[in-house]
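Asks: Starting from these lines, generate the structure:
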Amino acid sequence: MSDQSTVTVLIEIHARDGQEHDARNALLHAIQTSEKPGLLSSTEYEDLDDPGAFYALQVWENPDAFHAHMDDAATSGMSEAIQSLREHPKTTILRTIN
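Replies: Alright, predicted model coming up:
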């Protein structure tokens, strides 16, 4: 049974054609190097049927911690990291159904 305050966030990114390697590295670098208070775990995935699609499943202490992180990321160079993407990353905040 999970803590009711925790949330799982699905992050989805799609690379521009020819920039799959750059997008993959940018995702991994952003997750591994930035400070994320409230992040409990993160697992990254690549789509076997779409070489330009990447996902991260992250568990956060609560939605506020995730939103605070995203606010901070928006002011600390996230625009440079998304240069290799077709569109802005898509995020979905999920809560366990009990």
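
Asks: contacts, neighbours, all on C-alpha from now
Replies: Fine.

Asks: So which other helices or strands are in contact with the helix ranked longest in the chain?
Replies: Ordering each helix of the chain by length in residues (DSSP state H) puts helix 20-33 first. Counting contacts by 3 or more Cα pairs under 8 Å, 6 or more residues apart in numbering; DSSP states H and E, helix 20-33 is packed against strand 50-60, helix 78-81.

Asks: Would you quantify the distance from the nearest residue to Ala65 once chain neighbours are set aside to Phe54?
Replies: The shortest distance from Ala65 to any non-neighbouring residue, by Cα to Cα, 6 or more residues apart in numbering, is to Gly38 (5.4 Å). Gly38 sits at a distance of 22 Å from Phe54 (criterion: Cα to Cα, to the nearest Å).

Asks: how about stretch 67-78: buried residues?
Replies: The neighbour-count criterion (16 or more other Cα atoms under 10 Å) identifies 69, 73 as the buried residues of stretch 67-78.

Asks: hmm, who's touching it?
Replies: Residues from elsewhere that reach stretch 67-78, judged by Cα atoms under 8 Å, 6 or more residues apart in numbering: 36-37.

Asks: Leu28: neighbouring residues, count only.
Replies: As a burial measure, Leu28 scores 14 neighbours (other Cα atoms under 10 Å).

Asks: before we move on, back to that, Gly38 and Phe54: which has the busier surroundings?
Replies: Using other Cα under 10 Å, the more surrounded residue of Gly38 and Phe54 is Phe54, with 22 against 17.

Asks: Just grab the bridge partners of that one for me.
Replies: Phe54 forms beta bridges with Ile13, Glu46, as assigned by DSSP bridges.

Asks: Might one say that it is in contact with Leu48?
Replies: No. Under the criterion of Cα atoms under 8 Å, Phe54 makes no contact with Leu48, lying 9.6 Å away.

Asks: about what we covered before: distance check, the residue nearest to Ala65 against Gly18.
Replies: According to Cα to Cα, Gly38 stands 34 Å off from Gly18.

Asks: Equivalent analysis for Leu27, please.
Replies: 16 Å.
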